[in-house]
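**Q** just the structure for this:
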Amino acid sequence: MPNKKHTLLLIDDKPENLMALKSILDLPEREIICCLSGSEALQVLLKKKVSLILVDVQMPDMDGYEFVEIIK
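**A** Numbering: from 1, shown residues only. Below you'll find the model as predicted:
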């Protein structure tokens with residue numbers, strides 16, 4: 001039976017942070033989705049099941065704490 005590919009959702013308003021995280025976490029058995037805002041990430045979650053979410057707590061509009069409250 002093939003290994004299941006895990007989906008990681010990375011959320012940060014700074015593209016350079018997303019690029020750094022993606023380079024550290026990227027493996028063949030992982031799908032990594034990067035979002036620049038909590039609102040964008042919520043749209044992803046409506047369409048896709050993810051295994052892990054890493055979210056920045058200091059973002060404009062919707063911070064990481066608000067994002068977590070919404071998905072909870």
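**Q** which residues of this structure fall in helices?
**A** 15-25, 38-47, 64-71 (DSSP state H).
**Q** can you say which of those is nearest to residue 54?
**A** helix 15-25 (6.6 Å; Cβ to Cβ). (Each C-beta comes from the backbone N, C-alpha and C, glycine too.)
**Q** from the chain's centre, how far out does that closest one sit?
**A** Helix 15-25 has its C-alpha centroid displaced from the chain centroid by 11 Å (Cα atoms, centre = their mean, to the nearest Å).
**Q** give me the residues contacting it.
**A** Contacts to helix 15-25, defined as Cβ atoms under 8 Å, 6 or more residues apart in numbering, come from residues 8, 10, 12, 32, 34, 36, 54, 56.
**Q** how about those in JSON lines, adding distance to residue 24 and pLDDT?
**A** Formatted as JSON lines, those follow (distance: Cβ to Cβ, whole Å; pLDDT from 0 to 100):
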{"residue": "8", "distance to residue 24": "11", "pLDDT": "98"}
{"residue": "10", "distance to residue 24": "10", "pLDDT": "98"}
{"residue": "12", "distance to residue 24": "13", "pLDDT": "97"}
{"residue": "32", "distance to residue 24": "10", "pLDDT": "98"}
{"residue": "34", "distance to residue 24": "13", "pLDDT": "98"}
{"residue": "36", "distance to residue 24": "18", "pLDDT": "97"}
{"residue": "54", "distance to residue 24": "11", "pLDDT": "97"}
{"residue": "56", "distance to residue 24": "15", "pLDDT": "96"}
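**Q** weed out the non-buried ones from these.
**A** 8, 10, 12, 32, 34, 36, 56 (16 or more other Cβ atoms under 10 Å).
**Q** which non-adjacent residue is nearest the fifth one?
**A** Nearest non-adjacent residue to residue 34, counting by Cβ to Cβ, 6 or more residues apart in numbering: residue 18, 4.4 Å away.
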